[in-house]
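1. need a 3D model of the sequence below.
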Amino acid sequence: MSGDSGDIDFGRHLEAYLAIRDALGLAAGVRAHLLRGFLDHARGAMGPGSPIRAQTAVAWARDHA
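-> This is a model prediction of the structure:
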């Protein structure tokens, strides 16, 4: 969590996830690029403090298929 609003810091969690994968010897490669791109898209589609909606994920996936 970050700040007083209770917002989840998705960027921090993503980087921690990628660091764990790296520490386990699981190269993220293209996945890291895609996950960061999705996070950028989701940030643009949602308001501060809002959850990432399934329709946001589906729209991003459809555009990047």
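
2. other SSEs contacting the helix or strand where A59 lies?
-> For A59, the host element (DSSP states H and E) is helix 54-63. Under the contact definition 3 or more C-beta pairs under 8 Å, 6 or more residues apart in numbering; DSSP states H and E, helix 54-63 sits against helix 30-45. For glycine as for every other residue, the C-beta is placed from the backbone atoms N, C-alpha and C.

3. what about the protein, any weak spots by pLDDT?
-> Low-confidence segments of the chain, defined by pLDDT under 70: 1-7.

4. next, count neighbours for the residue lying closest to F38 once chain neighbours are set aside.
-> Using C-beta to C-beta, 6 or more residues apart in numbering and skipping residues adjacent in sequence, the residue nearest F38 is W60, 5.4 Å away. Residues lying near W60 (other C-beta atoms under 10 Å) number 19.

5. center of the protein, which residue is that?
-> Against the mean C-alpha coordinate of the chain, by C-alpha atoms, centre = their mean, the closest residue is L39 at 3.6 Å.
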